[in-house]
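Novice: The sequence and its predicted three-dimensional model are supplied below.
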Amino acid sequence: MTTTDAVPVLVRIASGPEDSRQATADLVMALTEDLTQAGIRTRASSAVPPPLGKSPPSALFETLLVYGIASPAAAAAFTKVVIAFLHRQRDRKIVIEHDDDRIEVHGASAADQRAAIEAWCTRQADRHTTTDAD
């Protein structure tokens with residue numbers, strides 16, 4: 001395993017104000033299963049409040065740690081799973097973040113979502129490749 005593979009990426013699923021904590025946790029479980037089937041390592045985290053000013057105060061983000069999406073093949077698999085998840089859960093927002101780099105994915109076309117997620121994954125891979133080489 002390379003250093004880049006060990007870097008966790010946070011994936012947060014925003015719940016709606018009417019959602020129960022269990023309903024949001026069930027969505028995380030479904031996304032976890034989809035990612036695992038695609039060969040992507042994950043680990044559940046805990047429910048956390050959204051960043052200040054980013055979502056309604058009643059919303060929670062269920063957080064999932066995702067590992068090993070630095071390679072182009074893994075990034076493509078990750079992107080495909082997230083887009084399929086968002087297609088099934090049209091009213092959802094997913095936030096993907098690592099350190100200070102964050103992307104919110106929702107409401108765009110599948111092509112725009114794909115381009116945004118792939119660009120974000122490429123930035124992360126480039127960032128860690130540069131850091132690992134130093």
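Specialist: Happy to help now that I have it.
Novice: How about stretch 109-127, which residues are buried there?
Specialist: Going by neighbour count (16 or more other Cβ atoms under 10 Å), the buried part of stretch 109-127 is Gln113, Arg114, Ala116, Ile117, Trp120, Cys121, Gln124, Ala125, Arg127. (Glycine included, C-beta is placed from N, CA and C.)
Novice: Just flag the most distant two among those residues.
Specialist: By the measure Cβ to Cβ, Gln113 and Arg127 form the most distant pair in the buried residues of stretch 109-127, at 21.2 Å.
Novice: Wait, a strand at Ile94?
Specialist: Yes. Counting by DSSP: H, G, I helix; E, B strand; the rest coil, Ile94 is located in a strand.
Novice: re the thing from before, which of the buried residues of stretch 109-127 lies closest to Ala75?
Specialist: Nearest to Ala75 among the buried residues of stretch 109-127, counting by Cβ to Cβ, is Cys121 at 3.7 Å.
Novice: Leaving out the residues flanking it, which one is nearest to that closest one?
Specialist: Ala75 (3.7 Å; Cβ to Cβ, 6 or more residues apart in numbering).
Novice: pretty sure that neighbour is touching Gly68, no?
Specialist: No. Ala75 lies out of contact with Gly68 (Cβ atoms under 8 Å); the separation is 9.7 Å.
Novice: circling back to that earlier point, which ones among the buried residues of stretch 109-127 are found in helices?
Specialist: Gln113, Arg114, Ala116, Ile117, Trp120, Cys121, Gln124, Ala125, Arg127 (DSSP state H).
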